[in-house]
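Q: need a 3D model of the sequence below.
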Amino acid sequence: MNWMDLLRMSINNLKRRKLRTFLTVLGVMIGTTSIVVMISLGLGLQQAMLQEIEDAGGMNTINVTGIASGESMFYSGDSSDEASEKRLNDSAVAELAKLDHVTSVSPEYDMSVLLLKGGYEGWAELVAMKPEDLKALKLDLKEGGRLPKSNSGNLELIYGNGVITNFTDKSGTNSYYETGELADIDLEKDSVFLVLDQDGYYAAQNTQAFGTTDGSADSGSSDGSQTQKAVQKHAVRACGVIAGDPENYKTGYQNIYCDLDTLKQVLKKEFNGRAIPGQPTTKNGKPYKDFCYSSAKVKVDDQDKLDEVVSGIRSMGYNASTNAEYMESAKKQMGMIQAVLGGIGAVSLLVAAIGIANTMMMSIYERTKEIGIIKVLGCSLKNIREMFLIEAASIGLIGGVAGMVLSYILSAIINFLTGHGAAMGIEGNLSYIPIWLVLVAIAFATLIGTLAGFFPALRAMKLSPLAAIKTE
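A: Below is the predicted model:
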């Protein structure tokens, strides 16, 4: 008997018992779907993580920060005042740029700011970067948006699409997350007040509440009462807003971006003689002469040289971390998550395999006489084994294909309900099914079906032809 004859007989046998075959295939389909959907969730999180790393500069980027007093002893063992504090200023940036295999050093300054508009106020994180570094972020701006001009003297801002959700009334209530309603502000068109000195602003608010300031002087009036200097409010406009509604999480969702050199000019002018928020100070609380950055991204020309450059940066006394280190740690965590999720789904497929074995055993008992007849007619034991294995494999294959169709449907529903990851705080689909997972899942389901049919096939081979023919 050739393969085509065996295949034809196997398919006809499955068709003869449609309901039993359907229920067995249904079990395989559910088991396959369980495994695929569970693994797809882990893969979706991994994809989101990879995208986040790519947005942060890729695998050949080193994140460098300065070291406050006491921290550097971990690296240098030097407890002197000079060695116990490493500040990331322009000199440090130039020093880092001279290292071998370093192609660029991108300083960044982050600070918390306050936005005021009418009866609303909102908090946000202001991120200042060089023009070329802002361009490298590839921010998805709404139509008409552009990057801030450099060294213009006036702050131009790019708002993240989630900044609008941070606005509340001035009592701090009626936020978007409480009411579901956004503040009546058009960040694309409206001018808003930007407060860089939050401590001074709230101190002035408290002082005014007790009626002890006229807002016109720095300290002490002629009658000895204390007065509070009015905090400067910068009227600013947006040069761009990141595309997407407040439910669509993406790079820069909660941030405000501006030009670094322009912000430095504005800060030095406003805080002349005072410590700028976030800047290190001396033991006496006075600011240093040099402007210090929050962090810097160091690009390396060869990923194989990454560890060497990291060691060099740490030996200079700075903190250094890489996306590759983060990725390695995250991969281990993702591997564990996928193993757990896949294991949960595998239980369903194991139950389905038992169902296939049961179906094939029942088929043997019902077809005992038929098996005896084909043996007497000269059908080889090998052909009988192959016929039953083909039937079992067909159940696994059909169930696997049907399971993949159902998996894609469920994956689409999951991504839709989670706003393509936005509801989970990630950028990208929560469920991701690559083509390799499709092929592996179908092949695995077919293999499970074949293995489940192996022992029933051996049972069919061992039947005595004469005894089988006599069976009623």
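
Q: can you tell me which strand in this protein is longest?
A: Among all segments of the chain classified by DSSP state E, the strand with the greatest residue count is strand 102-117.

Q: would you indicate which residues of whatever helix or strand comes next after that one are buried?
A: Moving toward the C-terminus from strand 102-117, the first helix or strand encountered (DSSP states H and E) is strand 120-129. When neighbours are counted by 16 or more other Cβ atoms under 10 Å, the buried residues of strand 120-129 are found to be 120-122, 124-129. From N, CA and C alone the C-beta is placed, and that goes for glycine too.

Q: quick revisit: so what strands line up beside the longest strand of the chain?
A: For strand 102-117, the paired strands and their directions (DSSP bridges) read strand 120-129 (antiparallel), strand 192-195 (antiparallel), strand 295-300 (antiparallel).

Q: make a markdown table out of the ones you listed and add distance to residue 236 and mean pLDDT.
A: Supplementary listing: the strands paired with strand 102-117 in a markdown table, determined by distance: least, Cβ to Cβ, whole Å; pLDDT from 0 to 100:
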| stretch | distance to residue 236 | mean pLDDT |
| --- | --- | --- |
| strand 120-129 | 10 | 92 |
| strand 192-195 | 5 | 94 |
| strand 295-300 | 24 | 91 |
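
Q: dump those to a markdown table, plus distance to residue 383.
A: Putting those into a markdown table (distance: least, Cβ to Cβ, whole Å) gives the following:
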| stretch | distance to residue 383 |
| --- | --- |
| strand 120-129 | 72 |
| strand 192-195 | 81 |
| strand 295-300 | 63 |
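
Q: contact partners for residue 320?
A: Residue 320 makes contact with 62-64, 298, 310, 313-314, according to Cβ atoms under 8 Å, 6 or more residues apart in numbering.

Q: give me the beta-bridge partners of it?
A: Counting by DSSP bridges, residue 320 is bridged to residue 64.

Q: how much space between it and residue 354?
A: The spacing between residue 320 and residue 354, counted by Cβ to Cβ, to the nearest Å, is 54 Å.

Q: buried ones in the longest strand of the chain?
A: Burial within strand 102-117, assessed by neighbour count using 16+ other Cβ under 10 Å, is assigned to 102, 104-109, 111, 113-117.

Q: avg pLDDT for stretch 269-279?
A: In this model, stretch 269-279 has a mean pLDDT of 85.

Q: was I right to think residue 111 contacts residue 194?
A: No: under the contact definition of Cβ atoms under 8 Å, residue 111 does not touch residue 194, with a separation of 11.1 Å.

Q: how about the secondary structure of residue 138?
A: Classification of residue 138 into helix, strand or coil gives coil, according to DSSP: H, G, I helix; E, B strand; the rest coil.

Q: just give me the closest of the buried residues of strand 102-117 to residue 89.
A: If you rank the buried residues of strand 102-117 by distance to residue 89 using Cβ to Cβ, residue 107 comes first, at 8.9 Å.

Q: measure that closest one to residue 177 for me?
A: The value you get for residue 107 to residue 177, if Cβ to Cβ is used, is 34 Å.

Q: and residue 337, by the same measure?
A: 28 Å.

Q: more neighbours, those two?
A: In this comparison of residue 337 against residue 177, neighbours counted by other Cβ atoms under 10 Å, the higher total goes to residue 337 at 17 against 8.

Q: how much does the helix or strand hosting that one deviate in direction from strand 295-300?
A: Using DSSP H and E, residue 337 sits within helix 323-366. Here helix 323-366 runs at an angle of 70 degrees relative to strand 295-300 (axes from the mean of the first three to the mean of the last three Cα atoms, to 10 degrees).

Q: how far does helix 323-366 sit from its chain's centre?
A: Relative to the centre of its chain, helix 323-366 is centred 24 Å away, using Cα atoms, centre = their mean, to the nearest Å.

Q: counting neighbours, what do you get for residue 132?
A: Close neighbours of residue 132, defined as other Cβ under 10 Å, add up to 11.

Q: pLDDT below threshold where in the stretch 151-300 of the chain?
A: Low-confidence segments of the stretch 151-300 of the chain, defined by pLDDT under 70, are located at 208-229.

Q: so which residues of it form strands?
A: 156-159, 167-169, 192-195, 234-241, 255-259, 295-300 (DSSP state E, counting those that start in this stretch).
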